[in-house]
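In: Got a predicted structure plus its sequence, pasted below:
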Amino acid sequence: MMEFIFDTLHIATIELNQLTQKETENVFGSRTEQLRKKGLVDVVFFNAAGRDYTTDPTAEQLNAIAYIKENQQEIINSLYNYTKNVLYPEHMQFIDVDEISFPIIQGPHELYKTLGIRTIYVFPQNKEGIAYVMADFEFTGDFEHGVHIAFHKSRILGWDAAPNDEKINEDLAR
């Protein structure tokens, strides 16, 4: 069983060496980079109501973290495809295109140039015994706010400006 050490805000930190792409150059000058260089990511579990943080994750939430740990490269591949095909085009509608905001990424191994994972939010909703998650990323396309990307396993559901379960509930309704 996984064990977590929670801080006073009920946030834990887990090691995800591949997903953080820790062996790459610095892009973001923040706490994200400090953690990323160590292969670490903050994780938050939402309680059954889905609004407050909990230090008592469900089996489905633990399964989600286990899935992420075991399938980091598959998730990176999905994030790369989503960034190239959805995230960049949608953000380019609002922001002038330049190589700083939307650096060319030649493959999943260069995802770090545009996305820097900060926090993984694990929701109580689940499918197939695995909880849904939304990851908070620093994003070159929106340095001020970043981007939150919802997914189940390695399937991307969509992005939003803040962590919420809207995309998750839409997926569950299908």
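Out: Done, it's in.
In: ok, E170 - how many residues close by?
Out: 12 (other CB atoms under 10 Å). (C-beta placed from N, C-alpha, C; glycine too.)
In: In space, what's closest to it - neighbours in sequence excluded?
Out: Leaving aside its chain neighbours, E170 sits nearest to L157 (7.4 Å; criterion: CB to CB, 6 or more residues apart in numbering).
In: State the distance from the one you found to Q61.
Out: With distances taken as CB to CB, to the nearest Å, L157 is found 17 Å from Q61.
In: quick revisit: residues in contact with the residue nearest to E170?
Out: 132, 150-151, 167-168, 170-171 (CB atoms under 8 Å, 6 or more residues apart in numbering).
In: hmm, 6 Å instead?
Out: Residues in contact with L157 (CB atoms under 6 Å, 6 or more residues apart in numbering) are 150-151, 167, 171.
In: just checking, which of those belong to helices?
Out: Secondary structure from DSSP state H places 167, 171 of those in helices.
In: what distance separates the longest strand seen in the chain from the centre of its chain?
Out: Counting by DSSP state E, the longest strand found in the chain is strand 115-127. Relative to the centre of its chain, strand 115-127 is centred 6 Å away, using CA atoms, centre = their mean, to the nearest Å.
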